[in-house]
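J.: I would like the atomic coordinates for the input below:
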Amino acid sequence: MGDVDIFKAELEGSAAAMSRAVSELDQARADLTGEGFGIENPAGRAGLRLAVRGQIETLRDTALNRSVAASTLSANVQAIADDFGMLDDELFGK
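T.: Here you go, the predicted structure:
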């Protein structure tokens, strides 16, 4: 296995790991809801409930943004790995 193959394999492994992490993040994000977190409206705590709901929504939005960015990064790493494959073909005529 040549150097190009080793680097390509490492890049493909990294892209796959990022894809798995994105999937896990998406699953965790789906579990975050602004309802049912144990704060109803006891003793006029509607403000607390709304504040918690707002923070959960902010967390969901942030997780979504990170998920999109990580998906893009994973695709870019895979594209680089594919370019390594083309480089190997050019160098060694495979």
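
J.: wait, Thr33 sits on Ile56?
T.: Yes - counting by Cβ atoms under 8 Å, Ile56 is a contact partner of Thr33 at 7.0 Å. The C-beta positions use only the backbone N, C-alpha and C, and glycine is treated the same way.

J.: which helix is the longest one in this protein?
T.: Criterion DSSP state H: the longest helix present in the chain is helix 46-92.

J.: name the helices or strands packed onto that helix?
T.: Secondary-structure packing of helix 46-92 (3 or more Cβ pairs under 8 Å, 6 or more residues apart in numbering; DSSP states H and E): helix 3-31.

J.: angle of the helix it packs on against helix 46-92?
T.: With axes from the mean of the first three to the mean of the last three Cα atoms, to 10 degrees applied, the angle from helix 3-31 to helix 46-92 works out at 160 degrees.

J.: tell me which residues of helix 3-31 come out buried.
T.: Val4, Lys8, Leu11, Glu12, Ser14, Ala15, Met18, Ser19, Val22, Leu25, Arg29 (16 or more other Cβ atoms under 10 Å).

J.: closest to the centroid, which residue in this structure?
T.: Most central in the chain under Cα atoms, centre = their mean is Val22, positioned 2.8 Å from the mean C-alpha point.

J.: centre of the chain to the longest helix of the chain, how far?
T.: Relative to the chain's own centre, helix 46-92 is displaced by 4 Å; criterion: Cα atoms, centre = their mean, to the nearest Å.

J.: avg pLDDT for that helix?
T.: What helix 46-92 shows for mean pLDDT is 86.

J.: check stretch 18-27 too.
T.: Here the average pLDDT along stretch 18-27 is 91.

J.: check whether the residue nearest to the centre of the chain really touches Thr72, as I assumed.
T.: No - using Cβ under 8 Å, Val22 makes no contact with Thr72, being 9.9 Å away.

J.: nice, that's everything, thank you.
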